[in-house]
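Trainee: no letters, just coordinates:
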């Protein structure tokens, strides 16, 4: 249980275009979704926290207008990288707290974004 | 603020030998501690967690970790490493203090290389 499905797994886009990444909670309602970015051989850095029905909370240094986060329903959160540039190329991962009382988290499988 | 340190960027071990991956943490309240493993271009797989109870936690794939409150450590161990254990390992902490919310903070990651 508590599965988060993340799509696409890989995407290549041209500079200046926008890319949308989706994370769906398949068997539970995710009121909160965390979005992380991971550079090669580095740790996961929290970008923002989305909450269903309200504005996302962004970490310091993360551009809100560049990384648009929407959490319009209890089962879907999206991250849109707008006007992508090569430096936005990275691995993006979403995560939601489990609702089973264990205090654990479930992670999406990640999206490898390459901007050319 | 909560933080996690993994002092070793890489750990090399021969197959069959014991494996230890170090982790220390800092929180203002009580910690939830987690270990995750990541294979190339994949999301994170849960190994084990400590919330309360016995300091020695047993997890997936033969891994275990020991919570040491006085040393603020949560080292990951496996008695006999396998080549298939070669991967990137992350320690993470959640501060259970009310003001901290439910954010998960990750260490920098430790690459484990198990040689045949």
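Mentor: Arrived safely. Keep in mind it's a predicted model, so treat the numbers as computed, not measured.

Trainee: CA atoms for contacts and neighbours, from now on please.
Mentor: Noted.

Trainee: name the nearest residue to the closest residue to chain B within chain A, ignoring sequence neighbours.
Mentor: When distances are taken as C-alpha to the nearest C-alpha, chain A reaches nearest to chain B at residue A:109, 4.0 Å away. Closest residue in space to residue A:109, ignoring its immediate chain neighbours: residue B:43 at 4.0 Å, by C-alpha to C-alpha, 6 or more residues apart in numbering or on different chains.

Trainee: next up, the contacts around that neighbour.
Mentor: Counting by C-alpha atoms under 8 Å, 6 or more residues apart in numbering or on different chains, residue B:43 touches A:93, A:107-110.

Trainee: swap the cut-off to 6 Å and go again
Mentor: Counting by C-alpha atoms under 6 Å, 6 or more residues apart in numbering or on different chains, residue B:43 makes contact with A:108-110.

Trainee: how far away is it from residue B:81?
Mentor: Distance of residue B:43 to residue B:81, given as C-alpha to C-alpha, to the nearest Å: 22 Å.

Trainee: from residue A:81, how far off is whichever residue of chain B sits closest to chain A?
Mentor: Nearest residue of chain B to chain A (C-alpha to the nearest C-alpha) works out as residue B:43 at 4.0 Å. Look at residue B:43 and residue A:81: by C-alpha to C-alpha, they are 19 Å apart.

Trainee: can you show me the strands along chain B?
Mentor: Using DSSP state E, the strands of chain B run over B:3-5, B:10-14, B:19-21, B:24-26, B:31-38, B:44-50, B:56-58, B:64-68, B:73-78, B:87-95, B:105-106, B:110-115.
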